[in-house]
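Enquirer: My questions are about this predicted structure, shown below with the sequence.
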Amino acid sequence: MTDEVFFNRVEKIRQKMYAIAYSYFYSESMAIDMVDDAVYRGYLKKNSLKQEQFFETWMVRILMNLCATHYKKSKRHRSFEEYVVDHEPSAEIATNRLELMDAISHLPDDLKRIITLKYYGEYSTKEIAELLKIPMGTVGTRVRKALDLLRMELGGDDI
Amino acid sequence: MNLEHEIQNLAKEAFELPEKMNIDRIRKVTKRRKMIHNVAVVGRTLLVLFATLFLSLFIGVNTSTSFARACADMPIIGDLSQSMVVRSEIRSAIRHNKNVQEYIQAGGLHEYHQVQGGSNSQIRCTVDSYLADSLAFSFLLKVDTSIDLLPEDQFSLSNLRLIDLDTNEEEAIDLDSKEEKVIYCPATSGTDIKAPGKLQLVQTYWEKPHRNFAVAFEIDDTFGKSRRIKESFRFEFKNVDISPVKHYPVDQTIEFEDKQIHISDLLVSETTTLVAIEQPNWDGYIFKGIDLFITDENGNTISDPGLNNGILNEGYQVQDENGKTYTYIIMPTIFYKNVQKVKLQITAICYTCYDNRILTVYPHKNIATIGDETIPIEVYGSDHSYGDFGLSDYTRKDAPKEGTMLFVIPYDAQLPLYNYVCSQTQNGLELLKEELFGYPTTKIGGKEYLIIKVSREYEETLGQDPIYRFVSNGDSETSRLIAAVEVDLTEASDTI
């Protein structure tokens, strides 16, 4: 794969990559760093990708593995103050969103990946199944399971 | 409230793509990381970050006053060790730069100690000391802030200029091809502005030495849009002593494959050594850089850029009064080496090929040409003599900065992907900037257009017209070779 093709393809998926990385850290700079790192790793190994139609799948996998590893190491959570400074929401919205972020971050890794891909990557069930190499039915099951766990974590049926 | 709806709202935060996520920057970062291992790079200023390298050992073992005292009776070592008592924070800032170490040991460090608050008083800069010779000016800089910093916070130093106080001439310093260089500011600075930062060495190569001049630059916090702070600083230096540079003409040509490369001069100052190479005029190829080291007569290496900063051969380009372009390869200084003759050992030459699809943009005429083909284009620029940036689909994340040109070219012109801005010099094409021009698209009146964004600094003049020249190239190529050029150092032809 030539440099030109590689970076053209990266450009097409950079929005998704950023959103996915952001979902791990809720930090712009961290997300950018993760994307940079993933692109660099992909660039070094670009010639090992035999079927270019799987480029996006391949890059997203690299990115998610990096994010997961880095997240485990850093265990960094956004503070209320940081979130308010960055997004200037009302106190109520900030509180709710931080609780939700916290709940998502505590999901088991396989469920968190599903939530990330579905809501941040905006991938369809079929695409998620391809990305994670699992049956489509399993994707649906895991989405439901993740949402159930989040509801429990956030306290009740009213959400 | 619906949980899925809440997650979607939360995810929306991630859909606003930051400016830094543009493909040009990503490509640049990626290529630079790759280049660290193998390729020469063009740039004129080094901002030396405090990378941890083993060379600190050289100065680290010799820095105590008791050691200096113990060595005082020993000829040579006595003088050297006494002058090596350097403040620890300066040692830390220069520990990987052997050139500067030797210069400081020889008494080249000038104390300065000026502190300045920025224009909004949120960032404070201290210039602690400086070093100056005919080829390079360097200063030790510390950044403090009253801002509450997060661990990932960082500051950028940009728009570095030298202003001659006698003539008021301004010389913009190319910070590694205008790319912002990052100074990492310690995240320990809380609200207390007195919390100490760390000294960093900012090293710049100037076109000509000045004695009375100001250094102006901007420091900004690059964390988030909502926290973005940019402050300007200006430090004045007066009656600066400049040590001269020794000039040795080389004037020798090396042949490899079907190409030739002419090494014209060797310049030696107390902080740096430059090897001047005439820009080669190769049909279909653009010279990018050279890999060389310097040995003494016995073949011992006395200057190797790999040991200088741990990264790669650097260089910058200058044009003489006749319009000829030269690349100056930056080498660790051989000033302090006691040698009569040296050999410039060349091991590789890096170049890139290009085809005939050079895109020349004539912004005043609203046209671009490729070969014989003329394409009508729209031109926008921060100079209001061009249109403003009122492109409806050109979202704010890509909003061009001051000094940027946008060329809006019909999509059906089917341009190749351009990745170099070049200028035509007397001796062939000169590479000005390597960047993938990422071509965001926009629709105007239902028709699709590509947008090329480029800084105005890359404008050249053809007759009366300003023009921009873009080159599409393949990957860089490197020719390995073994060639040596001998230079007699017994007497410099002149000093500059």
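Expert: Looks like it arrived, so ask away.
Enquirer: lowest-confidence helix or strand of the chain?
Expert: Picking chain A for this. helix A:80-87 (a mean of 54; mean pLDDT, DSSP states H and E).
Enquirer: Can you look at chain B instead?
Expert: Counting by mean pLDDT, DSSP H and E, chain B has its least confident helix or strand at helix B:56-60, which shows a mean of 30.
Enquirer: So which residues make contact with the longest strand along chain B?
Expert: Longest strand in chain B, counting residues (DSSP state E): strand B:473-488. In this structure, residues lying in contact with strand B:473-488 by CB atoms under 8 Å, 6 or more residues apart in numbering or on different chains are A:2-3, B:38-39, B:248, B:250, B:252, B:254, B:256-257, B:263, B:266, B:286, B:288, B:291, B:295, B:340-355, B:419-420. In short, each C-beta sits where N, CA and C put it, glycine included.
Enquirer: before we move on, what about stretch A:104-114?
Expert: Contacting residues not belonging to stretch A:104-114 are listed as A:23-24, A:64, A:68, A:71, A:77, A:115, A:128, A:132, A:139, A:142-143, A:145-146, A:149-150, A:153, B:7 [CB under 8 Å, 6+ apart].
Enquirer: so what are the domain limits for chain A?
Expert: Per automatic domain parsing, the domain ranges recorded for chain A read A:1-76, A:107-159.
Enquirer: Could you give the average pLDDT over the shortest one?
Expert: Mean per-residue pLDDT for domain A:107-159: 82.
Enquirer: ditto for stretch B:95-103
Expert: Averaged over stretch B:95-103, pLDDT sits at 78.
Enquirer: So for stretch B:323-337, what gets flagged as buried?
Expert: Neighbour-count burial for stretch B:323-337, counted by 16 or more other CB atoms under 10 Å in any protein chain shown, picks out B:T325, B:Y326, B:T327, B:Y328, B:I329, B:I330, B:M331, B:P332, B:T333, B:I334, B:F335, B:K337.
Enquirer: quick one: strands adjacent to whatever helix or strand the fourth one lives in?
Expert: Looking back up the chat, that one is B:Y328. Secondary structure assigned from DSSP states H and E places B:Y328 in strand B:325-331. Strand B:325-331 pairs in its sheet with strand B:273-278 (antiparallel), strand B:314-319 (antiparallel), by DSSP bridges.
Enquirer: for the last one, the distance to its chain's centre please.
Expert: Centroid separation between strand B:314-319 and its chain, computed with CA atoms, centre = their mean, to the nearest Å, is 10 Å.
Enquirer: can you map out the helices along chain B?
Expert: In chain B, helices defined by DSSP state H lie at B:3-12, B:23-38, B:56-60, B:65-71, B:77-83, B:88-94, B:98-105, B:305-308, listed in chain order.
Enquirer: looking at those helices, which one has the lowest mean pLDDT?
Expert: Mean pLDDT per stretch puts helix B:56-60 lowest among those, at a mean of 30.
Enquirer: correct me, but A:L117 touches A:L131?
Expert: Yes. Applying CB atoms under 8 Å, one finds A:L117 in contact with A:L131, separated by 6.2 Å.
Enquirer: Between the two, which contacts overlap?
Expert: By CB under 8 Å, 6+ apart, A:L117 and A:L131 have these common neighbours: A:V60, A:Y123.
Enquirer: Between those two, which is the more surrounded one?
Expert: When A:L117 and A:L131 are compared for neighbours, A:L117 comes out ahead with 25 against 21, by other CB atoms under 10 Å in any protein chain shown.
Enquirer: quick one: secondary structure of the more buried one?
Expert: Classification of A:L117 using DSSP: H, G, I helix; E, B strand; the rest coil returns helix.
Enquirer: Contact partners for B:I358?
Expert: Contact analysis of B:I358 by CB under 8 Å, 6+ apart lists B:I370, B:C422, B:R469, B:F470, B:V471, B:S472.
Enquirer: Neighbour-wise, give me the winner out of those residues.
Expert: The contacts of B:I358, ranked by neighbours (other CB under 10 Å): first place B:F470, 26 neighbours.
Enquirer: quick one: it from chain A, how far?
Expert: From B:F470 across to chain A, the span is 14 Å (CB to the nearest CB, to the nearest Å).
Enquirer: Quickly note the distance from that residue to A:Y22.
Expert: Separation of B:F470 from A:Y22 (CB to CB, to the nearest Å): 33 Å.
Enquirer: Now B:D320. Its backbone dihedrals?
Expert: In terms of degrees, to the nearest 10, the main-chain angles of B:D320 are phi -80, psi -180.
Enquirer: ok, which stretches of the stretch 251-400 of chain B are strands?
Expert: Ranges of strands in the stretch 251-400 of chain B, per DSSP state E, counting those that start in this stretch, are B:259-268, B:273-278, B:285-296, B:301-303, B:314-319, B:325-331, B:341-354, B:359-362, B:367-370, B:373-376, B:378-381.
Enquirer: And the stretch 101-250 of chain B, by the same measure?
Expert: Secondary structure of the stretch 101-250 of chain B (DSSP E, counting those that start in this stretch): strands located at B:110-117, B:123-132, B:136-145, B:155-164, B:170-172, B:181-183, B:199-205, B:213-221, B:229-237, B:246-256.
Enquirer: The last one: partners in the sheet, and parallel or antiparallel?
Expert: Strand B:246-256 has its sheet partners listed here by DSSP bridges as strand B:259-268 (antiparallel), strand B:494-495 (antiparallel).
Enquirer: for the last one, what is the average pLDDT?
Expert: Think strand B:494-495. Strand B:494-495 carries an average pLDDT of 64.
Enquirer: still on that earlier bit, for the strand holding B:Y328, which outside residues touch it?
Expert: Residues contacting strand B:325-331 (CB under 8 Å, 6+ apart): B:40, B:42, B:46, B:205, B:264, B:267, B:272-279, B:287, B:289-290, B:292-294, B:303, B:305, B:308, B:313-320, B:425-428, B:430.
Enquirer: in which helix or strand would I find A:R113?
Expert: helix A:109-115.
Enquirer: Now do stretch B:20-28: distance to the chain's middle.
Expert: The chain centroid and the centroid of stretch B:20-28 are separated by 18 Å under CA atoms, centre = their mean.
Enquirer: buried sites along stretch B:6-16?
Expert: Per 16+ other CB under 10 Å, stretch B:6-16 contains these buried residues: B:E6, B:I7, B:N9, B:L10, B:A11, B:E13, B:A14, B:E16.
Enquirer: What is the neighbour count of the nearest residue to the second one once chain neighbours are set aside?
Expert: Which is B:I7. Of all residues not flanking B:I7 in the chain, A:Y119 sits nearest, at 4.9 Å (CB to CB, 6 or more residues apart in numbering or on different chains). A:Y119 has 21 neighbouring residues, counting by other CB under 10 Å.
Enquirer: unless I'm mixing things up, B:E236 is touching B:L165, no?
Expert: Yes. Contact criterion CB under 8 Å: B:E236 and B:L165 qualify, at 6.6 Å.
Enquirer: if I look at these two, which residues touch both of them?
Expert: Residues touching both B:E236 and B:L165 by CB under 8 Å, 6+ apart: B:N212, B:F213, B:A214.
Enquirer: nearest to B:E460, of those?
Expert: Nearest to B:E460 among those is B:F213, at 27.2 Å by CB to CB.
Enquirer: distance of that closest one from chain A?
Expert: B:F213 sits at a distance of 35 Å from chain A (criterion: CB to the nearest CB).
Enquirer: same thing with B:V421?
Expert: Using CB to the nearest CB, we find B:V421 at a distance of 17 Å from chain A.
Enquirer: How about the contacts made by that residue?
Expert: B:L432, B:K433, B:E435, B:V454, B:Y458, B:Y468, B:R469, B:F470, B:V471.
Enquirer: Tell me, what's the model's pLDDT at the nearest residue to the last one once chain neighbours are set aside?
Expert: Closest residue in space to B:V471, ignoring its immediate chain neighbours: B:Y420 at 4.2 Å, by CB to CB, 6+ apart. Per-residue confidence (pLDDT) for B:Y420: 76.
Enquirer: which ones are touching B:Y420?
Expert: B:I286, B:T352, B:Y354, B:L431, B:L432, B:K433, B:E434, B:E435, B:F470, B:V471, B:S472, B:N473.
Enquirer: burial count for the fourth one?
Expert: Neighbour count of B:L431, defined by other CB under 10 Å: 24.
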